[in-house]
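K.L.:
Provided below for reference: sequence and predicted model.
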Amino acid sequence: MPKIALITGGTRGIGEGCARVFMAAGYSVTICARHREAGEQLAAELTKAGPGRCRFEVCDVTQPEAIRGLIDKTVDVHGRLDCLLNNAGFHPDHRPIDGFSVEEFEELLRLNLVSYFAACKYALPYLRKTRGSIINIGSLVGNIGQEWASTYVATKGAITSMTKALAIDEMRNGVRVNAVLPGVIHVLASDLRTPAMQETTRSWQWTGREGEPEDVGHACLFLAGEEARFITGIELVVSGGAELGYGIKKPEPNLTGSAQL
């Protein structure tokens with residue numbers, strides 16, 4: 001019987017990358033987002049590629065009752081839930097704190113943090129039965145900060161803290177809870193940047209490149225699996241080493257002339 005994973009915000013970017021990786025590993029995956037057409041197209045594409053199967057459900061994760069309905073329907077269809085992967089979120093444009101209203105911050109909290117809380121709350125009764133796991137997608141900047149992004153960083157730092165507290169509470173029920181903190185991940189919007197901007201962001205990682213959504217997906221797949229059965233409450237940073245050392249990272253060729261990647 002395949003394991004069942006639910007991925008919020010699973011139709012693009014990191015969520016899509018995670019869905020592709022879990023599907024390739026044989027999971028049956030439910031993805032959700034607000035827009036039906038793109039979601040159904042992706043689900044059909046992923047199911048055709050196999051070997052797992054993918055379903056799409058419309059869900060506005062800012063509405064807790066919609067999240068409850070999504071989780072209940074997923075279990076109704078599959079009979080179980082093994083992994084909740086909280087990913088849906090948004091990064092506002094860069095502004096000093098003076099440029100954000102209190103209402104904007106409250107809206108961001110509802111999307112980036114309250115939705116994670118609600119999904120955990122409603123999924124846990126099912127995850128306790130399967131001794132499953134929760135994976136919360138945070139961000140490297142929740143640990144190191146980011147210029148002109150105080151509201152976003154606050155939500156991502158809170159995700160990490162909530163993950164640790166929930167991991168303590170739920171280990172007695174056999175449910176592991178972990179956070180994955182991506183650094184710079186290449187998504188479609190990256191293609192709109194100038195070559196100079198792309199070169200700058202590539203220079204932030206010791207690997208000499210930005211991450212791909214599937215890089216995050218493989219980290220999540222590991223945490224969801226039996227290989228990680230002794231791991232809970234961690235922050236798994238997927239950043240290419242961006243947080244290591246001062247300044248930009250430009251590894252010199254090694255003695256054999258190949259890049260140190």
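P.N.:
Right, received. Where do you want to start?
K.L.:
now do the SS call for residue 55.
P.N.:
strand (DSSP: H, G, I helix; E, B strand; the rest coil).
K.L.:
how about the contacts made by it?
P.N.:
Listed by CB atoms under 8 Å, 6 or more residues apart in numbering, the contact set of residue 55 reads 28-31, 43, 74, 77. In this view, the C-beta of every residue, glycine as well, is placed from N, C-alpha and C.
K.L.:
pretty sure residue 23 contacts residue 45?
P.N.:
No - in this structure, residue 23 is not within contact of residue 45 by CB atoms under 8 Å, at 9.9 Å.
K.L.:
of the two, which one has the most company?
P.N.:
Using other CB atoms under 10 Å as the criterion, residue 23 and residue 45 rank with residue 23 on top: 25 against 12.
K.L.:
only the buried subset of the contacts of residue 55, as a PyMOL command please.
P.N.:
Burial among these is assessed by 16 or more other CB atoms under 10 Å; the matching PyMOL selection reads:
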select buried, resi 28+29+30+31+43+74
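K.L.:
residue 136 touches residue 178, doesn't it?
P.N.:
Yes - if you go by CB under 8 Å, residue 136 and residue 178 touch, sitting 7.4 Å apart.
K.L.:
quickly list what's touching both of the two.
P.N.:
In contact with both residue 136 and residue 178: residue 163, using CB under 8 Å, 6+ apart.
K.L.:
next structured bit after the helix-or-strand element of the chain with minimal mean pLDDT?
P.N.:
Sorting the helices and strands of the chain by mean pLDDT, DSSP states H and E puts helix 195-202 at the bottom, at a mean of 87. Per DSSP states H and E, the first helix or strand lying C-terminal to helix 195-202 is helix 213-224.
K.L.:
that following helix packs against which elements?
P.N.:
Helices and strands touching helix 213-224, as assessed by 3 or more CB pairs under 8 Å, 6 or more residues apart in numbering; DSSP states H and E, comprise helix 13-24, strand 83-86, strand 133-137, strand 176-182, strand 235-238.
K.L.:
where in the chain is pLDDT low?
P.N.:
188-192, 251-261 (pLDDT under 70).
K.L.:
mind doing that once more with 80?
P.N.:
Where the chain drops to pLDDT under 80, the residues are 187-193, 250-261.
K.L.:
scan it for its longest helix.
P.N.:
helix 150-170 (DSSP state H).
K.L.:
run the angle between that one and strand 133-137 for me.
P.N.:
170 degrees (axes from the mean of the first three to the mean of the last three CA atoms, to 10 degrees).
K.L.:
can you tell me what sits against helix 150-170?
P.N.:
86, 89, 91-92, 96-97, 100, 104-105, 108-109, 112-113, 116-117, 120, 124, 128, 134, 136-139, 141-143, 145-146, 176-179, 181, 232-233, 235.
K.L.:
list the buried ones in that helix?
P.N.:
Quick answer for helix 150-170 (16+ other CB under 10 Å): 151-153, 155-160, 162-163, 166-167, 170.
K.L.:
farthest pair in the residues you listed?
P.N.:
For those, the farthest-apart pair by CB to CB is 151 and 170; their separation is 28.2 Å.
K.L.:
and the closest residue to residue 234 other than its chain neighbours, how many neighbours does it have?
P.N.:
In space, and not counting its chain neighbours, residue 234 is closest to residue 178: 5.3 Å by CB to CB, 6 or more residues apart in numbering. The burial count assigned to residue 178 is 24, neighbours taken as other CB under 10 Å.
K.L.:
now swap in residue 39 and tell me
P.N.:
22.
K.L.:
who does the nearest residue to it once chain neighbours are set aside bridge with?
P.N.:
Using CB to CB, 6+ apart and skipping residues adjacent in sequence, the residue nearest residue 39 is residue 56, 3.8 Å away. Counting by DSSP bridges, residue 56 forms beta bridges with residue 31.
K.L.:
how much space between residue 56 and residue 84?
P.N.:
17 Å (CB to CB, to the nearest Å).
K.L.:
so these two - more neighbours on which side?
P.N.:
residue 84 (29 against 25).
K.L.:
kind regards, and thank you for your time.
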